[in-house]
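# when you get a sec, could you give me coordinates for this:
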Amino acid sequence: MFGRRNVEDDPETSLARCVVLLDDIRAYRRKDVEVIETQFSGLKKSRFSEFYEMWVKARPSAEKIVDMPMEIPGVKRLIRAVSLLKLVNKMVLIIVVLFIAFQLVPIWRRTLGADFLSGTGLYVLLGTVLVVVATLNIISLLDYRIRKKVIAYEDETMDKYAPAREKMKECVSRMMKALARESKRSGKDPNYYGLILYFDDYDNIEVVNKWRPKSMGLFKKSYNHYHVVPKS
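Numbering: from 1, shown residues only. Okay, here's the model as predicted:
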C-alpha cells in the first residue's frame with residue numbers, strides 16, 4: 001500500500017503521490033505548490049504524461065485553495081509566529097541534546113567535570129527543557145487557533161472555493177481510474193495501489209476501511225481517513 005509516505009520513485013508511485021497531494025489540498029491541508037509541481041513533473045516522460053497537462057490546468061485552482069489562509073484576518077501573523085517558534089524550539093532542543101551529550105561522551109565529561117550538571121549548569125538545562133515544553137504547547141495552541149479561524153472562514157466562503165475543490169476531486173477521480181487500469185495491466189492486486197485519503201466520494205475507488213484519527217493518541221479528530229483502492 002502506498003499510504004501517505006514516500007516510497008520508491010517510479011511512475012505508479014509518482015501518480016499515487018500526486019493523488020494524495022491533491023486530496024490534501026481539497027481538504028485544505030497547506031501544501032507547497034512547487035512541491036506538487038515537482039511531483040507532477042516526474043510524470044512528463046512516463047506513460048502518465050497526460051496528468052502533467054491536467055495539473056497545469058488545475059494548478060490555478062490548487063493555488064487558490066493553498067493561498068486561502070492568507071486571506072483570513074490575523075492568520076498570516078499566526079502562521080509566522082508558529083514558524084518562528086518552531087525555529088526557536090529546534091535551536092533550544094539542540095542545546096538540550098548537547099547538554100546530554102556532554103554527560104554521555106567521556107572526553108567531554110572529563111573536560112567539563114562530573115559536576116557540570118549541578119548548580120548553574122543544571123539550571124540552564126532545566127530552563128532549556130522548560131522552553132522546549134513551552135514552545136511546543138504554544139505552537140499547538142496557535143495551530144488550534146489557526147484551524148478554528150480557517151474552519152470558520154471555510155464555512156463562510158464554501159461557495160467561493162467550491163469550484164476549486166471540485167477541480168481537485170475531478171483530477172483525483174481521473175488519476176484513480178488510471179491506477180485501476182494500471183492494476184489490470186500489471187496484474188497486481190488493487191490493494192497494491194491502496195491509498196489513505198481524506199475523502200471517499202471519488203469516482204473509480206473502493207473504500208476498504210475508514211477511521212477517525214486521534215490527536216496525541218487520545219482525542220478523535222473531526223475528520224475521517226479512508227483506505228481506498230482503485231476500482232474500474
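# for stretch 55-72, what is the distance to the chain centroid?
Centroid separation for stretch 55-72 versus its chain: 16 Å, with Cα atoms, centre = their mean, to the nearest Å.
# which parts of the protein are strands?
195-197, 205-211, 214-215, 219-220, 225-230 (DSSP state E).
# identify each buried residue in stretch 48-64, please.
Residues of stretch 48-64 classed as buried by neighbour count (16 or more other Cβ atoms under 10 Å): 48, 51-52, 54-55, 58-59, 61-62, 64. Quick note: C-beta positions are derived from backbone N, CA and C, even for glycine.
# revised request: answer the last question for stretch 33-44.
Neighbour-count burial for stretch 33-44, counted by 16+ other Cβ under 10 Å, picks out 33, 36, 39-40, 42-43.
# what does stretch 186-197 give?
Within stretch 186-197, the residues that count as buried by 16+ other Cβ under 10 Å are 190, 193-197.
# got the domain boundaries for this protein?
Taking automatic domain parsing as the reference, the chain has its domains at 11-69+159-230, 72-156.
# of the strands of the chain, which is nearest Ala134?
The closest of the strands of the chain to Ala134 is strand 214-215. By Cβ to Cβ, the value is 19.2 Å.
# the buried residues of stretch 33-44 in helices, which ones?
Among the buried residues of stretch 33-44, DSSP state H puts 33, 36, 39-40 in helices.
# closest to Val82 among those?
Nearest to Val82 among those, counting by Cβ to Cβ, is Val33 at 19.6 Å.
# hang on, that closest one packs against Pro60?
No: using Cβ atoms under 8 Å, Val33 is not in contact with Pro60, being 9.9 Å away.
# contacting residues for Ile135?
You called it Ile, but residue 135 is Thr. 85-86, 88-89, 92 (Cβ atoms under 8 Å, 6 or more residues apart in numbering).
# please name the residues that touch the residue lying closest to it once chain neighbours are set aside.
Spatial nearest neighbour of Thr135, chain neighbours left out: Asn89 (4.2 Å); criterion: Cβ to Cβ, 6 or more residues apart in numbering. The contact partners of Asn89, taken as Cβ under 8 Å, 6+ apart, are 131-132, 135-136, 139.
# can I get these in CSV including distance to Trp211 and pLDDT?
Listed next are the contacts of Asn89 as CSV, based on distance: Cβ to Cβ, whole Å; pLDDT from 0 to 100:
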residue, distance to Trp211, pLDDT
Val131, 36, 86
Val132, 31, 85
Thr135, 31, 88
Leu136, 26, 87
Ile139, 26, 87
